[in-house]
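[1] Mind looking at a prediction? Sequence and model below.
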Amino acid sequence: MNTFTIAIGSDHAGYQYKEAIKAMLVAAGHTVRDLGTDSEAPCDYPDLIRPVAEAVARGECQGGIVLGGSGNGEAIVANRVRGVRCGLCWNEQTAVWSRLHNDANVLAIGQRTISQDLALTIVKVWLETPFEGGRHLQRVRKIDGE
């Protein structure tokens, strides 16, 4: 099994899932950089999500996971950081496609949209799915502006 260094961050609306995902990752042998938040107290998600995306873009972490209520705002913030390809996933298939076809290096999940068990499964699938390359490589290069 490959192990990775994963940056993780959430706002208050994703805090519970962040903690569960973090525990699962650590138990699986991954290194986790928790960039906040540390409670369910209201906070502004850009303040917590941007550092996750930046850690991935700088190569300090091999992947990132960002969480919020819907995951939409978190994906938008992450995708504003050059070099980040963040996919919002809500089932196993979207997790597969985000990695297989888009080489997503950040995963966004909405705590208010899916069950915790499904969120944990999505993370596992996302981490286990390799980038397919091939015809998708030229598209990823275009996404990255190459």
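    In hand now; what should we look at? Numbering: from 1, shown residues only.

[2] In this structure, where is pLDDT below threshold?
    Within the chain, the segments meeting pLDDT under 70 span 1.

[3] what about the helices in it?
    Using DSSP state H, the helices of the chain run over residues 15-27, 45-57, 72-79, 92-100, 116-128, 135-143.

[4] Give the buried residues for the third one.
    Judged by neighbour count using 16 or more other Cβ atoms under 10 Å, the buried positions of helix 72-79 are 73-75, 77-79. From N, CA and C alone the C-beta is placed, and that goes for glycine too.

[5] can you check stretch 45-60 too?
    For stretch 45-60, by 16+ other Cβ under 10 Å, it's 45, 48-57.

[6] Report the separation between residue 92 and residue 128.
    11 Å (Cβ to Cβ, to the nearest Å).

[7] Tell me which of those two has more neighbours.
    residue 92 (15 against 12; other Cβ atoms under 10 Å).

[8] where's that one relative to residue 123, distance?
    Where residue 123 is concerned, residue 92 sits at a distance of 11 Å (Cβ to Cβ).

[9] Ok, residue 134 next?
    25 Å.

[10] In terms of neighbours, single out the busier of these two.
    residue 123 (25 against 8).

[11] Surely the more buried one touches residue 107?
    Yes. Applying Cβ atoms under 8 Å, one finds residue 123 in contact with residue 107, separated by 6.8 Å.

[12] right, and the helices of the chain - which one's nearest residue 36?
    helix 45-57 (4.6 Å; Cβ to Cβ).

[13] report the angle between the axes of that closest one and helix 15-27?
    20 degrees (axes from the mean of the first three to the mean of the last three Cα atoms, to 10 degrees).
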